[in-house]
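Chemist: build me a model from this:
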Amino acid sequence: MSGHSQFKNIMYRKGAQDAKRAKAFSRLAREIAVAVKTGGGDDPSSNSRLRNILANARGENMPRDNIERAIKKAVGGEDGADYEEVRYEGYGPGGVAIIVEALTDNRNRTASEIRASFNKLGGTLGETNSVSFMFDRLGVIIYPISIGAPDEVLEAAIEAGANDMMDDDRYEILTSMDNFASVRDALAGKFSDPTSANLVWRPITLTEVSDNTAGTLFKLIEALEDNDDAQQVVANYDVSDQFMKSYLKE
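Modeler: This next block holds a predicted model:
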């Protein structure tokens, strides 16, 4: 029986991982469509937004066929949806601030679904800018350690206009919003395309959450991430190492 249970657990985890990959590819395909339609066409050399999304797609190991199909659909008008960028803000259990960035072709549907998730799992959806003041908006460019020595990468990043760099098991280069594109392009020219490069919300301060409350909070975050229109979900929680170890084992 233990072997059977272990097999079921392995298959469950594999199914969950496959579902996450499919979800990531779907989000990237939507971003590609928006980049083609709003960024200046399907030529990455003249469309910096598309160039960045394609680099991220390769970093996520999105199959080439999926990428080409998403571009062709956008160019040919097959993807007829008119997506717009929307941001939702609110509070989760324990007073944790949460930001949800979405691409949607139906604001009413998405707002209703996001609100329902907040209400069901102990949160409250607020107005735009109700929590964003608790976060910094900055660019984050990720490279593997293998691209070069820390001093070399830091020097290149600073010369390109980056603000800071952190290195542990990877290089995480931080930029201002204004310098994000130029730093990304300069580093890509010197090294290669980054693993990922995105504008993100980063908490200025963190809100401590008890282990009991953290369980419900993470259910809310997962529900928001599972929404088809959600592109990015960030929150300013601070939970215990014990809870995280238990959560990651599930």
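Chemist: the residue nearest to residue 193 when sequence neighbours are not counted is in what secondary structure piece?
Modeler: Closest residue to residue 193 apart from its sequence neighbours, by Cβ to Cβ, 6 or more residues apart in numbering: residue 55 at 4.1 Å. No exception for glycine: its C-beta is placed from N, CA and C like everyone else's. Secondary structure from DSSP states H and E places residue 55 in helix 48-59.
Chemist: packing partners of that helix?
Modeler: Applying 3 or more Cβ pairs under 8 Å, 6 or more residues apart in numbering; DSSP states H and E, one finds that helix 48-59 contacts helix 2-39, helix 64-76, helix 180-190, strand 196-203.
Chemist: I'd like the ones you listed as CSV, with mean pLDDT and mean neighbour count appended.
Modeler: Putting the helices and strands packed on helix 48-59 into CSV (pLDDT from 0 to 100; neighbours: other Cβ atoms under 10 Å) gives the following:
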stretch, mean pLDDT, mean neighbour count
helix 2-39, 64, 14
helix 64-76, 88, 15
helix 180-190, 94, 19
strand 196-203, 92, 18
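Chemist: to residue 227, which of those lies closest?
Modeler: Between residue 227 and these, the tightest spacing by Cβ to Cβ is seen for helix 2-39, at 10.0 Å.
Chemist: hang on, the earlier thing: show me the contact partners of the helix holding residue 55.
Modeler: Helix 48-59 is contacted from outside by 28, 31-32, 35-36, 38-45, 66-67, 142, 181, 184-185, 188, 193-198, using Cβ atoms under 8 Å, 6 or more residues apart in numbering.
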